[in-house]
Structure formats: C-alpha cells, structure tokens
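*Asks:* here's a sequence, model it:
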Amino acid sequence: MATQWQTFPVPFTGGLITNISPLQQGINAVGSASTLLNFEPSLDGGYRKVSGYKKFISTEVTGTGVIQGVAVVQNSGTKEVIAVRNGVYYLSDGADTSPTWTALGTAASTNFAKVRQARYNYSNTPKMVFVDGINYPAYYTVGGSSLTYITASTDSDGNAVATNINTPVQGASHVCVFKNTMFFGVGTELVFTAPYTPDDFDPNNGAGSIGVGGEITGLIVFRDQLIIFTTDKIFRLTGSTGSDFSLIPITEDLGCLSTDTIQEVGADVMFLGPDGLRTLSSTERIGDFGIDVASKNIRPTVKNLTTYANNFASLVIRGKAQYRFFAYVSGETATVAKGVLGTKFVDQGGQGFQWAELQGFKVYVADSQFIDSDEYRLFANEDGYVYEMDVTTSRDGSSINSVYESPFMPINDPQVRKTFYKLDLYIKPSGAINITAGLRFNQDVTGYIQPSTFSITQTGSTIALYDDNNTVYRELVTDDNAGVYGEPKTQSYKNQVVGSGETVAIRITDDSSDADFLLDTAIFEFTTNDRQ
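*Replies:* I've put the predicted structure just below:
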C-alpha cells in the first residue's frame, strides 16, 4: 500500500521571537521567525524585504565628524532639509541641479552632541525651534536664509528684553509645542513661554517653569496632554495656560532611558525603558494609561542592543505603522550597524507589534514627516551625508542582506521522523529576484546530514506601486525607482526537496540589490515514518 502524502502550511506571520525556547516556538508559533533580518512584518500579511536608502543629495554636508541633527520641513508644497554639523546649520531643498548645503547660522558653542527640534505655526508662517543642550534655542522661519539665537537680553527677532528673563531656557535639551505654548526641558525644569510667543519667557506675560524632580529625558504631545519623561518617572501635563497647568504622575516606577527613542506610533507612544521598548497607551478610563512592554517577544535582542551601544535613534514610518530603533556605535562600518523594527497590527497596546532585526542602517539622527501626501524619512551619521530611507532596493548602492529562518517545527509529532518531498513557496515579487532557500533538520545537530539549498529566480521589471513617492510612472529611464505601473501578484514556486527529520526549519536568504519581495506562505508535502 502506497504511503499517503500529507501537507503542512506555514503562513509567514508572527515576526521575530527570541524570548522562548526553540521547541516551544516551533510548536506554538508556526510561521514566526527565529531569524528575521532586514525583513519587515507587513500589514498586507507575510514578511517583506526592507527597502534601502540613498543620498538625499550627492553633496556632503560641510565640515567633519558626526551630523548633529537633521530635520525635514514643508515650504510651499516642497521640502527643505536642515542638517547640523560642527555647530553650523545648513539648508538644502534637494534640487537635482547643483545640489548644495547653504549655511543658515552657527551656534555660539559648537561642542554639543545632538540637536532636537519642534515645528510651530502661530501666524500662518511655518517655523522651527532647535535646542542642543548647551546654547540658547535657535529659531528658523521656513523659506528664510538664516536662523536666530535668543540670548539673555534679546528675543529671536533681536529685540531687547528685560535682563535675564531668557536665562532659564539656556541649555535646553528638549522642546515641544503644547496648547500654543512652547515647552523646553532644561535639566529638571520644564520651562514654558507665554502663549503664542515662542521666545517670551517673561512671567508677567504668562511664562513660567515647573520642577519635575528628575532629569527630563523627553517631551511629546499625546491625546491633548503633554507627556514628560524623566529617567525614572513619567508625568502628564494638562490645562491650557500657565494659570491652570497641572502636573500629574503617570508612573513613578519607571522612565525613559533615551530621548531619541520616543515616538508616537499610531495610538501609542513608544520609548526605551529599563526593561525594553515600552508603549504608553490611553485606556478606556479617562486620564488613565496602560504601559506595556512592546518588545517582550525580542527581549534578549533589545537587551543585546542596549548593551552593545549607548547611543540610540528612532524613526516612524507612518504609512507602514512601523517603528524603527537604531543602535549607533561611532566608528563602526554601516554594514554591521544594528537595529530593530516593529510593525503595529492593533490599535493600542504593546502586544500588537511584530518585530524584525535591521542591519546595515547606521543612524545617529533621524526625522520623518509628511510633505503634502508624501512621507519623507531622513537620517545621518558621521560620514557627512543625509540619506532618504525606505526608498530604493539597495543601501546607497550596496546590497541588502535579508534572512528569514523559521523555528524548528515538529509539525505533528516531535518524536516521529518525517520525509519531505516538496516545498511550495508563495512569494509576491516586485521585480527580478534571485533567492536562496533550503531546509534544515533536527536543530542542526552535529553530524546530521543536511540537504543542499536551491535557488528561486525570476526576471522582470520593477513594479511601480501606488502611493510610493519614489516611484516613476510611465517613464523608461535607468533609475532604480522606475517601473511598470501595476500590483505584483503572489506566485507559487514549487521546489523538489530531499531530506528527513523529526523537526524541520525553512531558511530563505537574499543578499542583493534586487527588487523587494513578500514571503506569503510555505507548504510542505511529506510522509510520516513509523515510530521507532
């Protein structure tokens, strides 16, 4: 009697999991990943190879050393980018012809680490304010040709003010706009301006300060409240003016360890806490918050990153509901730079994230903003260039090394050997692909013979996707963003395999600058052997 073949589907979902044993993962989280490098859990289902990055313009920002800040802003429907290096603020509009960086101004003291910024518009004119932890705040009117620092005796327009009124804001490290009032984090003090006047610190006009009892590590507006992070506490500020501002503790048991990890992701605020990446979420109770460990599934991975580096950056890709966290180590090559990304699959709470690792993205400072309907994501490090992220199929011309490996799955019984004959992979390509795939058996134990890998190839043009501001439609040019308009379709790639074991894992790799692709589902065909 012929042995009947069986099938076993593996839907690619669940993301990276590193906090449970391999056997538990293979039993309870089929389709999750024990390795997920440079793939992103996709809102469309499956795992998609991440897109890369390219230079914003081909010209290096003038100076040497690390770029201390980067910001993208809208100017009459177009974008402007500001980069800070050696304490000098530079501006570029990204023009294709004669791209340059034009100096806007220089800080009084250039010996600072990072610049942070806030955007505001009090008089129908977009403006920005920058802080660096040492100097007075710097102010910039979008579309202008210079920026202005306030001092102890002048405002940002150069007008004289009462002596020492501005002094409390010198050395601000954090800035945020809330209720048409500018808030600055200066050590343990939360300093705020008079309403609608971003540089008026006169108490007679409604300005003031609030002590929070700990070093301020971040500010963010969330749900009509200003959230204030310190190293070991989190507060919320309510009210509308200095006369009714009220500081209320959210928790006095934990805080944020790194300012540049604070981001709003959908309906949550993500930040780096002492035990991993956490989310701050509103609950159904008015004024109440939930604080979840979002990175629970990758706790060892995040712990390794926080041990490996002491400088971090983050970025939100809003169109993908995605949070990216980068560990920065000065002097290391971009190829080995590490990070993680998380895609948010539920409206609120930390349990709705699926995770993956990043490698090859060296980020010291980053910013992302919508300009009209297009989202721009910028970052920089010490090589002197500003880069656009998530826009192309390479890392500025270098390949993207992507790896997916499943846990070792026992399928039906971890004590019974199975013989495998076919592996059908459902993949959605966006163009030409050349993927290497294979099976691994029995936890890769020493001496166990493993089968050879096989290739999955396809030729073709890159697909142009709707709502991708880097896609070129109906234009035949030698550009890595040009493509044929249309939606890629999931295709079945049937592969003959030979091998047997009690447990099996799938490994898929791509180390190229080919188009991205989405791993949808795998289906095994196998027979079960007699129990021995």
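*Asks:* what is the burial count for Thr102?
*Replies:* By the criterion of other C-beta atoms under 10 Å, Thr102 has 12 neighbours. Heads up, the C-betas are built off the backbone N, CA and C, glycines and all.
*Asks:* what's near enough to touch Phe361?
*Replies:* Contacts for Phe361 (C-beta atoms under 8 Å, 6 or more residues apart in numbering) come out as 53, 324, 326, 334, 337, 339, 379, 389, 395.
*Asks:* what helix or strand is the closest residue in space to the fifth one that isn't next to it in sequence located in?
*Replies:* Across the structure, with C-beta to C-beta, 6 or more residues apart in numbering as the measure, the residue nearest Ala337 apart from its sequence neighbours is Lys362 (3.7 Å). For Lys362, there is no enclosing helix or strand under DSSP states H and E.
*Asks:* Lys362 contacts Gly331, correct?
*Replies:* No - the pair Lys362 / Gly331 is not scored as a contact, 10.4 Å apart, by C-beta atoms under 8 Å.
*Asks:* out of these two, which sits in the busier spot?
*Replies:* Remark: of Lys362 and Gly331, Lys362 carries more neighbours, 26 against 5, as counted by other C-beta under 10 Å.
*Asks:* so what does Gly26 look like in phi/psi?
*Replies:* Backbone torsions of Gly26, given as degrees, to the nearest 10, read phi -70, psi -30.
*Asks:* what is the burial count for the residue nearest to Thr64 when sequence neighbours are not counted?
*Replies:* Counting by C-beta to C-beta, 6+ apart, the nearest residue to Thr64 once its immediate chain neighbours are dropped is Asn86, at 6.7 Å. Residues lying near Asn86 (other C-beta under 10 Å) number 16.
*Asks:* what's the answer for Val191, then?
*Replies:* Around Val191 there are 21 other residues, counting by other C-beta under 10 Å.
*Asks:* was I right to think it contacts Thr167?
*Replies:* No - shown here, Val191 and Thr167 do not form a contact pair, counting by C-beta under 8 Å, at 10.1 Å.
*Asks:* tell me what Ser281 is bridged to.
*Replies:* Taking DSSP bridges as the rule, Ser281 bridges to Asp268, Gly290.
*Asks:* please report the distance of it from Gly94.
*Replies:* Remark: distance between Ser281 and Gly94 (C-beta to C-beta, to the nearest Å) = 36 Å.
*Asks:* okay, those two: which has more neighbours?
*Replies:* Ser281 (21 against 15).
*Asks:* show the pLDDT at the more buried one.
*Replies:* On pLDDT, Ser281 comes in at 83.
*Asks:* can you check Asp372 too?
*Replies:* Here, the pLDDT recorded for Asp372 equals 81.
*Asks:* count the neighbours of it for me.
*Replies:* 10.
*Asks:* now swap in Val336 and tell me
*Replies:* Using other C-beta under 10 Å, Val336 has 10 neighbouring residues.
*Asks:* ok, now Ser98?
*Replies:* By other C-beta under 10 Å, the residues close to Ser98 number 7.
*Asks:* which element, helix or strand, includes it?
*Replies:* Using DSSP H and E, Ser98 sits in no helix or strand.
*Asks:* begin at 5 from now on, thanks
*Replies:* Yep, numbering from 5; the last one is Ser102 now.
*Asks:* need the pLDDT of it.
*Replies:* 75.
*Asks:* now it: how far from Ile61?
*Replies:* The gap separating Ser102 from Ile61 is 10 Å, by C-beta to C-beta.
*Asks:* repeat that for Asp136.
*Replies:* Counting by C-beta to C-beta, the separation of Asp136 from Ile61 is 24 Å.
*Asks:* who's more crowded, the two?
*Replies:* With neighbours defined as other C-beta under 10 Å, Asp136 and Ile61 compare such that Asp136 has more, 25 against 19.
*Asks:* how close does the more buried one get to Pro304?
*Replies:* 35 Å.
*Asks:* can you check Ala313 too?
*Replies:* In terms of C-beta to C-beta, Ala313 sits 16 Å off from Pro304.
*Asks:* who has more neighbours, these two?
*Replies:* Per other C-beta under 10 Å, whichever of Ala313 and Pro304 has more neighbours is Ala313, with 17 against 12.
*Asks:* wait, that one touches Gly335, no?
*Replies:* No - at 11.7 Å, Ala313 does not count as touching Gly335 under the criterion of C-beta under 8 Å.
*Asks:* just the pLDDT at Arg478, thanks.
*Replies:* pLDDT, read off for Arg478, is 41.
*Asks:* sketch out the low-pLDDT regions of the stretch 5-154 of the chain for me.
*Replies:* Applying pLDDT under 70 to the stretch 5-154 of the chain flags the ranges 5-7.
*Asks:* cool, the stretch 305-454 of the chain as well?
*Replies:* Along the stretch 305-454 of the chain, the parts satisfying pLDDT under 70 run over 352-354.
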